[in-house]
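# heads up, no residue letters with this:
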């Protein structure tokens with residue numbers, strides 16, 4: 001029996017030593033099960049935490065984007081306004097006209113004029129013809145504006161919008177009719193003289209001025225007009241203080257076109273007894289006198305270019321200031 005107790009004590013000591021050895025090696029009873037389950041548990045933990053981490057990262061990035069968008073972004077600096085008048089615009093065309101007139105004068109200095117040419121160019125006839133041409137151009141342009149602008153305003157009112165196509169068609173008849181034919185018809189009806197010539201020139205130039213006026217008034221922003229009515233402005237005040245200033249660029253473009261047209265058409269006044277530079281041109285053609293023809297042509301060309309240059313300056317100076325002043329021009333170039 002003593003032997004059995006001693007054997008049991010030795011077996012217990014042996015088992016205790018094995019436990020110590022496993023503890024020294026970092027193992028614990030049941031550690032094999034724990035070690036075997038650790039990779040699987042780690043994989044499952046990684047698989048469960050990966051979507052959660054990705055969602056957190058995505059939510060964080062969206063939050064940063066939202067904060068960045070909420071921050072006030074400074075507006076870009078507006079471009080400096082373009083200069084209306086440049087030195088090229090102010091000097092190139094006048095320099096060309098001066099050179100043209102100087103060259104014509106030098107040519108006349110050395111030209112041998114016969115009695116017919118000398119008679120056609122003497123006695124103040126050149127200056128008289130030039131003054132008549134300028135007067136015809138100015139009066140006919142005044143008639144065009146007196147008809148085209150009020151008619152354009154009237155046709156843009158609600159009560160008369162239905163007759164706009166018919167009015168444009170009638171105005172187009174004057175432009176479609178050949179100028180010399182229209183002038184001849186008016187001379188037959190009204191007789192020769194300044195009155196028939198003025199009416200013929202004005203009728204021929206009404207269409208572009210009317211078209212530009214209609215386009216300018218129709219291009220106005222309806223919201224601005226409603227705002228003007230909303231603050232208590234009368235219809236007349238809205239027209240004079242809002243609509244016409246906004247439409248001024250296109251109206252001025254129509255005036256410029258009408259001026260240039262009238263300078264050219266006024267040369268036909270010679271056929272209706274209205275005078276003008278056309279007298280020099282017709283005399284040079286009929287009498288085969290080149291100096292007279294050249295002088296009449298050069299003066300007409302110079303006057304047309306000078307009027308167009310002055311009208312362009314007036315258009316630039318009278319244009320309302322603003323970023324949207326002359327960017328819209330649906331009729332620009334149609335009647336030039």
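All right, it came through fine. Just so we're clear, the structure is a prediction, and the values are computed from it rather than from any experiment.

# hey, let's count contacts and neighbours off CA atoms from now on
Will do.

# can you name the element that comes right after whatever helix or strand residue 245 lives in?
Assigned by DSSP states H and E, residue 245 belongs to helix 244-265. Downstream of helix 244-265, the first helix or strand assigned by DSSP H and E is helix 278-287.

# what number of residues lie near residue 294?
16 (other Cα atoms under 10 Å).

# can you give me the mean pLDDT across the strand or helix carrying it?
Using DSSP H and E, residue 294 sits within helix 290-318. Across helix 290-318, pLDDT averages out at 90.

# over to stretch 246-256?
Average pLDDT, stretch 246-256: 90.

# over to stretch 272-280?
For stretch 272-280, the mean confidence score works out to 90.

# check contacts around residue 226.
By Cα atoms under 8 Å, 6 or more residues apart in numbering, the contact set of residue 226 is empty.

# how is it assigned, secondary-structure-wise?
Recorded secondary structure, residue 226: helix (DSSP: H, G, I helix; E, B strand; the rest coil).

# quick check: nearest residue in space to residue 205, chain neighbours excluded?
residue 258 (5.3 Å; Cα to Cα, 6 or more residues apart in numbering).

# give me the neighbour count for that neighbour.
29.

# you'd agree it is up against residue 208?
Yes - the pair residue 258 / residue 208 is scored as a contact, 6.8 Å apart, by Cα atoms under 8 Å.

# what comes into contact with stretch 280-294?
Under the criterion Cα under 8 Å, 6+ apart, residues 108, 111, 113, 117, 120-121, 126, 129, 270, 295-297 lie in contact with stretch 280-294.

# show me which positions of it end up buried.
Across stretch 280-294, burial judged by 16 or more other Cα atoms under 10 Å covers 280-284, 289, 291-294.

# OK, contacts around residue 94?
With the criterion set at Cα under 8 Å, 6+ apart, residue 94 makes contact with residue 306.

# after the helix or strand where it lies, which helix or strand is next?
Residue 94 is part of helix 87-110, with elements assigned from DSSP H and E. Next helix or strand after helix 87-110 toward the C-terminus (DSSP H and E): helix 115-121.

# want to throw the buried residues of stretch 280-294 into a markdown table with distance to residue 155?
Listed next are the buried residues of stretch 280-294 as a markdown table, based on distance: Cα to Cα, whole Å:
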| residue | distance to residue 155 |
| --- | --- |
| 280 | 41 |
| 281 | 40 |
| 282 | 41 |
| 283 | 44 |
| 284 | 45 |
| 289 | 50 |
| 291 | 49 |
| 292 | 46 |
| 293 | 44 |
| 294 | 44 |
